[in-house]
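**Q** Only the shape, not the letters, is given here:
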Ligand code: AMP
């Protein structure tokens, strides 16, 4: 009972501690009639407890990344009635409540997690939006239930029933829904990797080893980073049985290396957008598949119904969530009344397997982060002195150096100044590797900027 079930650089939790803290947080929120609360997502144990507390209290939580530039963070926090944070770091937010104060209060402690089956909003995740403001996606308990029920029946997960899980994605990213909800609803131990550890291989590998993970939930970019070091192998994670990948292209060579370093490993390549709650398809990758592009799903086992219509992947059913603020985007109602989402992803089905063939628009993934180039362009245009801006992506995305921006200015602002101002408007991962100025940007016959992608 006193085993650690949450492990982070900022501390640990046992199951009784998690229950006590989350129930106190739930009681606090319920007593105040809160419906929507932002949780500043560091990796501390109280953040995990706060998310559990929000679920218990039926409060829609917004996992807000602590590292977002202030202006962007405020746009997100403005949607919440209350901001929960764990002591240090953030201060001075209007209406912010320190979680340490809540969990030290003597509040009622009996409460249970609700069943994951209603239309009640569970969380809102904000992603890059073409307008230059973050785009909110609201996911219901029913959407999460649809995902989790399907996830637990993926053969590798169902057969292994992992008892310890390693999380890499921040809670403000959709990928984390897999490890977060799996651990909360099965009682599996969750180990998290702070963003800072990406730059400190010693600390990173100590954390990975301490996780004793049976299941890891990774972006391919993160696995590629780990594979740079020879010690990322079976000796480091003797109990690792399965890696669940989602969010971007998993290259066959990465799978090959993982099979070599972790004999007996099972690899799942899953696919889905935040708009449909984490993932809707998954394919188990075997060594004989690695001589060509890898499939992202088995059509016989999907969450909801997944089709390819006119070359675009379209998702129907219970997993389909919605945008906030009246946006509709790719959402619509199918003729049979079910909700559906046009993903903007190009795909094809071959031999019962779904393949991802890139985007139909300009959206890209850089180190696993979803980015709309127009988001960066519209933020460049907010900088005084910038008259025009074009963001280009070389290749198929990948690293931040793939992003470059070309701007036309009135001569009053330097590229260094533009970079500094832009870093106050967009997250670090959206900062182009290169910003150059140009006298005149190429404009097409209809007056639109030519971007070359
Ligand atoms: P996000 O909302 O951040 O999860 O990003 C969703 C987008 O990531 C999808 O619409 C795809 O473009 C891309 N994506 C998700 N899973 C995969 C995958 N397994 N392979 C390639 N691209 C993926």
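**A** That came through, no problem. Nothing here was measured: the structure is a model prediction, and the numbers come from that model. Numbers count the residues shown, from 1 in each chain.

**Q** Point out the residues in the stretch 201-350 of the chain that sit beside the ligand.
**A** 246-249, 269-271, 273-274, 296, 343, 345 (Cβ under 6 Å from any ligand atom). For glycine as for every other residue, the C-beta is placed from the backbone atoms N, C-alpha and C.

**Q** Now, those residues that are in strands?
**A** Per DSSP state E, strands hold the following members of these: 269-271, 343, 345.

**Q** tell me the two of those that are most distant?
**A** Greatest spacing in these, by Cβ to Cβ: 269 and 343 (16.3 Å).

**Q** Between those two, point out the one with more neighbours.
**A** Taking other Cβ atoms under 10 Å, residue 269 and residue 343 do not tie; residue 269 has more neighbours (24 against 21).

**Q** Check the nearest residue to the more buried one once chain neighbours are set aside and give its pLDDT.
**A** Leaving aside its chain neighbours, residue 269 sits nearest to residue 250 (4.8 Å; criterion: Cβ to Cβ, 6 or more residues apart in numbering). Looking at residue 250, its pLDDT stands at 97.

**Q** Likewise for residue 2?
**A** pLDDT, read off for residue 2, is 80.

**Q** how near is it to residue 211?
**A** 18 Å (Cβ to Cβ, to the nearest Å).

**Q** higher neighbour count, those two?
**A** Per other Cβ under 10 Å, whichever of residue 2 and residue 211 has more neighbours is residue 211, with 24 against 8.

**Q** What are the phi and psi values at the residue nearest to residue 269?
**A** Backbone torsions of residue 250, given as degrees, to the nearest 10, read phi -90, psi 110.

**Q** Next, the contact list for it, please.
**A** By Cβ atoms under 8 Å, 6 or more residues apart in numbering, residue 250 lies in contact with 220, 267, 269, 285, 294.

**Q** quick one, what contacts the last one?
**A** With contacts defined as Cβ under 8 Å, 6+ apart, the neighbours of residue 294 are 250-252, 255, 269, 283, 285.

**Q** From those residues, which land in strands?
**A** 269, 283, 285.

**Q** hey, what's the first one bridged with?
**A** According to DSSP bridges, the residues that bridge with residue 269 are residue 245, residue 283.

**Q** List the contacts of it.
**A** 245-246, 250, 255, 282-283, 285, 294-297.

**Q** Residue 319 is in contact with residue 147, correct?
**A** Yes. Counting by Cβ atoms under 8 Å, residue 319 is a contact partner of residue 147 at 6.0 Å.

**Q** So which of the two has more stuff around it?
**A** residue 319 (29 against 26).

**Q** For the ligand, give me its nearest residue in the stretch 301-450 of the chain.
**A** Residue of the stretch 301-450 of the chain nearest the ligand, by Cβ to the nearest ligand atom: residue 370 (3.7 Å).

**Q** ok but that residue is inside a helix, no?
**A** No. Secondary structure of residue 370 (DSSP: H, G, I helix; E, B strand; the rest coil): strand, not part of a helix.

**Q** Next up, the contacts around it.
**A** Counted by Cβ under 8 Å, 6+ apart, residue 370 has contacts 127-128, 247, 274, 363-364.

**Q** who wins for most neighbours among the residues you listed?
**A** That'd be residue 247 among the contacts of residue 370, by other Cβ under 10 Å, with 26 neighbours.

**Q** and the stretch 1-150 of the chain, which residues reach the ligand?
**A** Taking Cβ under 6 Å from any ligand atom as the measure of proximity, the stretch 1-150 of the chain contacts the ligand at residue 127.

**Q** For the stretch 1-150 of the chain, which segments count as strands?
**A** Along the stretch 1-150 of the chain, counting by DSSP state E, counting those that start in this stretch, strands occupy 4-8, 11-14, 36-41, 60-65, 82-85, 96-98, 121-127, 135-140.

**Q** domain ranges for the chain?
**A** 1-114, 141-365, 372-437 (automatic domain parsing).

**Q** Let me have the ones you listed in JSON lines, extended by distance to residue 120.
**A** Supplementary listing: the domains of the chain in JSON lines, determined by distance: least, Cβ to Cβ, whole Å:
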{"stretch": "domain 1-114", "distance to residue 120": "6"}
{"stretch": "domain 141-365", "distance to residue 120": "5"}
{"stretch": "domain 372-437", "distance to residue 120": "29"}
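
**Q** And for the top helix by length along the chain, what's in contact with it?
**A** Longest helix in the chain, counting residues (DSSP state H): helix 15-31. Residues outside helix 15-31 that contact it (Cβ under 8 Å, 6+ apart): 1-3, 5-6, 13, 37, 45-46, 48-50, 52-54, 56-57, 59, 82, 84, 97, 99, 102-103, 105, 107-111, 187.

**Q** Now with 6 Å, please.
**A** Applying Cβ atoms under 6 Å, 6 or more residues apart in numbering, the contact partners of helix 15-31 are 5, 49-50, 52-53, 56-57, 59, 102-103, 107-109, 111.

**Q** Run the angle between that helix and strand 60-65 for me.
**A** Put simply, helix 15-31 runs at 120 degrees to strand 60-65, going by axes from the mean of the first three to the mean of the last three Cα atoms, to 10 degrees.

**Q** Buried residues in helix 15-31, which are they?
**A** Judged by neighbour count using 16 or more other Cβ atoms under 10 Å, the buried positions of helix 15-31 are 17-30.

**Q** surely residue 256 meets residue 290?
**A** Yes. At 5.0 Å, residue 256 and residue 290 qualify as touching, with contact defined as Cβ atoms under 6 Å.

**Q** So which of those two has more stuff around it?
**A** residue 290 (18 against 14).

**Q** Report the contact partners of that one.
**A** 252, 255-256.

**Q** Let's see that with 10 Å instead.
**A** Counting by Cβ atoms under 10 Å, 6 or more residues apart in numbering, residue 290 touches 251-257, 259, 267.

**Q** now the closest residue to it other than its chain neighbours: how far from residue 285?
**A** Spatial nearest neighbour of residue 290, chain neighbours left out: residue 252 (4.1 Å); criterion: Cβ to Cβ, 6+ apart. Here residue 252 is placed at a distance of 8 Å from residue 285 (Cβ to Cβ).

**Q** again, but for residue 268
**A** In this view, residue 268 and residue 285 are 7 Å apart by Cβ to Cβ.

**Q** joint contacts of the two?
**A** 243, 245, 250.
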